[in-house]
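Q: predicted model and sequence below, questions to follow.
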Amino acid sequence: MAISPTDQSLFASFSSEKEGLGLRRWIALALFAFLIYLPGRASLPPLDRDESRYMEATAQMLHTGNYVDVRFQDQPRYLQPAGIYWLEALAADLSDGRTSRSAWAYRIPSLLAATANVLLTAAIGAALFGADVGLAGAAMFALAVLVTAEARMATIDTTLLLAVLLAMWSAIRARLDAERGRPTSPAVAALYWVALGCGLMFKGPVVLIPGWGMPIALAAIERSTGWWRRLRPLWGIPLMLLIVVPWCVAIWIVSHGTFFERAVGTNFLGKVASGQQAHGLPPGFHLVVFLLAFWPGSFFAMRALPWVIGQRRSLQVRLLACWIVPHWLVFEAIATKLPHYVLPTYPAIALLAAASLLRGGPVAAFGARGWWRGWLGVYGALWLLAGLALALAGPLLLWFVQHEVRVLPIVTGALAGLAVLSGAVLVARGQALRGLVATGAGALVAYLGIFAAVIQNLTTIWLSPRIALAFDQVRPCADSVLASTSFSEPSLVFAVGQDTRLVDAAGAAAFLATDRRCGVALVGTRDQPAFEHALADRGLTVRLLGRVQGVNYSNGRHLDLGFFAVAGETP
């Protein structure tokens with residue numbers, strides 16, 4: 001494909017830049033990501049509900065030695081392949097997570113993947129626009145609210161994003177090689193297919209939405225697929241399948257085909273047709289949430305839109321747009337919506353925003369019109385409010401949840417708020433790049449305050465660790481099992497143990513009837529009348545061992561929970 005005049009000018013601008021970041025910049029960028037993602041990892045308790053399900057299923061995998069059939073307690077967890085559980089099991093096995101069930105051990109894959117994602121974003125940006133754009137885009141991506149949250153959780157999203165970024169880097173590299181008339185290494189092609197194969201092991205065909213969506217969209221726009229042959233699909237597709245097929249055969253045999261019925265039919269296709277788990281929302285949800293999820297970069301991404309449209313004929317912008325648009329449209333169209341579904345587009349959005357700041361150039365005509373400037377002003381005001389809310393989130397949480405005032409959260413909140421206000425002033429004065437630096441510094445300080453000085457002190461909402469500690473103190477026997485009625489979150493199973501029973505009031509009474517000497521029931525005040533009625537039907541009386549009070553943040557309910565054992569029984 002012949003290069004356009006616009007491409008020539010843009011290629012001239014970035015080909016003179018040093019594509020490589022240099023060892024010192026790589027190290028500095030990795031340390032920068034660690035500075036963002038490390039605080040609070042060890043002190044943050046297991047989160048409900050997805051993270052605790054992942055961690056408990058992994059813990060059971062380590063306990064049973066069954067690395068094929070993933071289960072949560074005695075129920076099969078047939079949502080996606082086993083790749084993420086293998087990574088978490090390896091991390092826990094190499095640390096103390098196997099014996100102590102420390103949450104931080106299960107979060108190691110997310111930390112390493114998140115750091116690698118920042119580095120890969122910089123590498124892609126450097127290849128497309130130059131080292132400065134790569135660094136700025138990587139920093140913007142690294143500081144995004146959603147990215148910092150996902151990097152701290154033992155869930156699948158950062159590792160899936162790593163597979164996507166490796167595939168995107170390979171595909172972009174092949175397309176740039178074709179433009180420059182130089183050969184593409186077979187190693188680049190192999191990396192593309194291996195990344196997609198690993199992505200399939202993480203979350204099934206979801207990885208193909210960006211992995212194949214970008215090449216298909218690019219082929220539709222350019223009306224050419226010649227560069228695609230550089231990725232060697234004839235042997236690449238079998239290589240991709242070789243990674244995932246052995247496990248697929250094993251789980252087919254073990255589950256008698258049930259895995260594919262549930263994972264594909266119920267979980268994957270079900271999310272397309274209807275909103276699962278109360279997450280059904282109309283199209284446009286991801287655009288609305290983007291303001292906070294990508295903060296502080298969200299305003300700069302919106303500001304870049306006229307530049308992106310003005311540069312739409314350039315190869316670099318075309319590549320990133322073909323990465324973003326198909327993926328975004330797919331997840332706006334499906335019924336089930338969660339903010340992290342469009343996370344794979346965030347690196348590309350960050351690079352376009354950074355390129356608009358550092359490269360400038362022609363913009364679409366509407367960029368100078370009053371209606372656009374008015375809309376950008378409204379969006380900027382909302383962006384400022386979101387930033388101030390984030391800066392003050394730490395001290396406000398402590399006050400509203402526990403009526404506590406602590407000095408460090410107030411100091412970090414004030415510093416973060418001043419940085420956000422300074423950034424907004426700089427942006428209003430037309431100094432957008434300096435505004436990005438100031439708000440980025442505000443975000444960094446806010447995260448340090450929230451995760452290092454606030455989260456571990458919100459004891460009211462961390463019920464599972466407190467219940468586990470209290471249960472250890474009151475249990476009648478060393479091998480006592482807990483049956484819980486009013487609090488049935490997955491984090492309780494991870495904190496107390498796989499044998500924990502999640503039952504109703506009648507089930508708790510029945511459990512005590514079968515284990516009179518050692519059984520313990522955890523019953524809230526709301527369920528206590530039904531519990532006492534069920535006990536009376538069995539002729540049982542109980543004694544109170546202790547109480548725990550707090551808030552279940554998953555549903556906002558205030559709970560007063562009592563530990564009960566059968567009266568008159570001794571171990």
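A: Happy to help now that I have it. For clarity, every value in this text was computed on a predicted model and none was experimentally measured.
Q: what sits against residue 174?
A: Residues near residue 174 by CB atoms under 8 Å, 6 or more residues apart in numbering: 184, 188-189, 192, 227-228, 230-231. C-beta coordinates here come from the backbone N, C-alpha and C atoms, glycine included.
Q: okay, these in CSV with distance to residue 563 next?
A: Converted to CSV, those look like this (distance: CB to CB, whole Å):
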residue, distance to residue 563
184, 64
188, 59
189, 60
192, 55
227, 65
228, 63
230, 64
231, 60
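Q: between those, which is nearest residue 23?
A: residue 188 (21.6 Å; CB to CB).
Q: pull out the buried positions in the particular helix or strand that has that closest one in it.
A: For residue 188, the host element (DSSP states H and E) is helix 186-203. By neighbour count on 16 or more other CB atoms under 10 Å, the buried set for helix 186-203 is 188-203.
Q: quick one on the thing from earlier: can I get the contacts of residue 174 in JSON lines with distance to residue 468 and pLDDT?
A: Formatted as JSON lines, these follow (distance: CB to CB, whole Å; pLDDT from 0 to 100):
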{"residue": "184", "distance to residue 468": "53", "pLDDT": "95"}
{"residue": "188", "distance to residue 468": "48", "pLDDT": "97"}
{"residue": "189", "distance to residue 468": "49", "pLDDT": "97"}
{"residue": "192", "distance to residue 468": "45", "pLDDT": "98"}
{"residue": "227", "distance to residue 468": "55", "pLDDT": "92"}
{"residue": "228", "distance to residue 468": "53", "pLDDT": "92"}
{"residue": "230", "distance to residue 468": "54", "pLDDT": "95"}
{"residue": "231", "distance to residue 468": "50", "pLDDT": "96"}
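Q: any idea which of the residues you listed is closest to residue 389?
A: residue 192 (40.4 Å).
Q: list the contacts of the closest one.
A: Residues near residue 192 by CB under 8 Å, 6+ apart: 166-167, 170-171, 174, 231, 236.
Q: which of these lies closest to residue 390?
A: The closest of the contacts of residue 192, once distances to residue 390 are taken by CB to CB, is residue 166, at 30.5 Å.
Q: tell me how many other residues surround that closest one.
A: 21 (other CB atoms under 10 Å).
Q: in the strand or helix carrying residue 395, what counts as buried?
A: Using DSSP H and E, residue 395 sits within helix 370-402. Neighbour-count burial for helix 370-402, with 16+ other CB under 10 Å as criterion, is recorded at 376, 380, 383-384, 386-388, 390-395, 397-398, 401.
Q: kindly report the same for stretch 174-186.
A: Residues of stretch 174-186 classed as buried: 174-179, 184 (neighbour count, 16+ other CB under 10 Å).
Q: and the residues you listed, which of them are in helices?
A: Per DSSP state H, helices hold the following members of the buried residues of stretch 174-186: 174-179.
Q: which two among the buried residues of stretch 174-186 are spaced furthest apart?
A: Maximum distance among the buried residues of stretch 174-186 (CB to CB): 11.2 Å, for 179 and 184.
Q: helix, strand, or coil at the nearest residue to residue 138 once chain neighbours are set aside?
A: Spatial nearest neighbour of residue 138, excluding adjacent residues (CB to CB, 6 or more residues apart in numbering): residue 122 at 3.7 Å. Here residue 122 is recorded as helix under DSSP: H, G, I helix; E, B strand; the rest coil.
Q: enumerate every residue touching residue 122.
A: Here residue 122 is in contact with 21, 25, 29, 134-135, 137-138 (criterion: CB under 8 Å, 6+ apart).
Q: farthest-apart pair in those residues, please.
A: Most distant of these, by CB to CB, are 25 and 137, 13.4 Å apart.
Q: which of these two has more residues huddled nearby?
A: residue 137 (31 against 17).
Q: the helix or strand where that one lies packs against which elements?
A: If you go by DSSP H and E, residue 137 is part of helix 131-143. When contacts are defined as 3 or more CB pairs under 8 Å, 6 or more residues apart in numbering; DSSP states H and E, helix 131-143 packs onto helix 23-37, helix 108-128, helix 297-303, helix 346-359, helix 432-449.
Q: just the ones you listed: most buried one?
A: Of these, the one with the most neighbours on average (mean count of other CB atoms under 10 Å) is helix 346-359, at a mean of 26.
Q: on that earlier part again, make TSV from the contacts of residue 192 and add secondary structure to it.
A: Output for the contacts of residue 192, formatted as TSV (three-state DSSP):
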residue	secondary structure
166	helix
167	helix
170	helix
171	helix
174	helix
231	helix
236	helix
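Q: hey, which helix or strand in the protein has the poorest pLDDT?
A: Least confident helix or strand of the chain, by mean pLDDT, DSSP states H and E, is helix 5-15 with a mean of 40.
Q: leaving out the residues flanking it, which one is nearest to residue 115?
A: residue 33 (4.4 Å).
Q: what's the answer for residue 504, then?
A: The nearest residue in space to residue 504 (CB to CB, 6+ apart) is residue 485, at 6.0 Å.
Q: same check on residue 411?
A: residue 449 (7.8 Å).
Q: from residue 415, how far off is the one you found?
A: Separation of residue 449 from residue 415 (CB to CB, to the nearest Å): 8 Å.
Q: please enumerate the shared neighbours of these two.
A: Counting by CB under 8 Å, 6+ apart, nothing touches both residue 449 and residue 415.
Q: distance-wise, check the residue nearest in space to the middle of the chain relative to residue 287.
A: Nearest to the mean C-alpha position of the chain, by CA atoms, centre = their mean, lies residue 150 at 3.0 Å. From residue 150 over to residue 287 the distance is 19 Å, taken as CB to CB.
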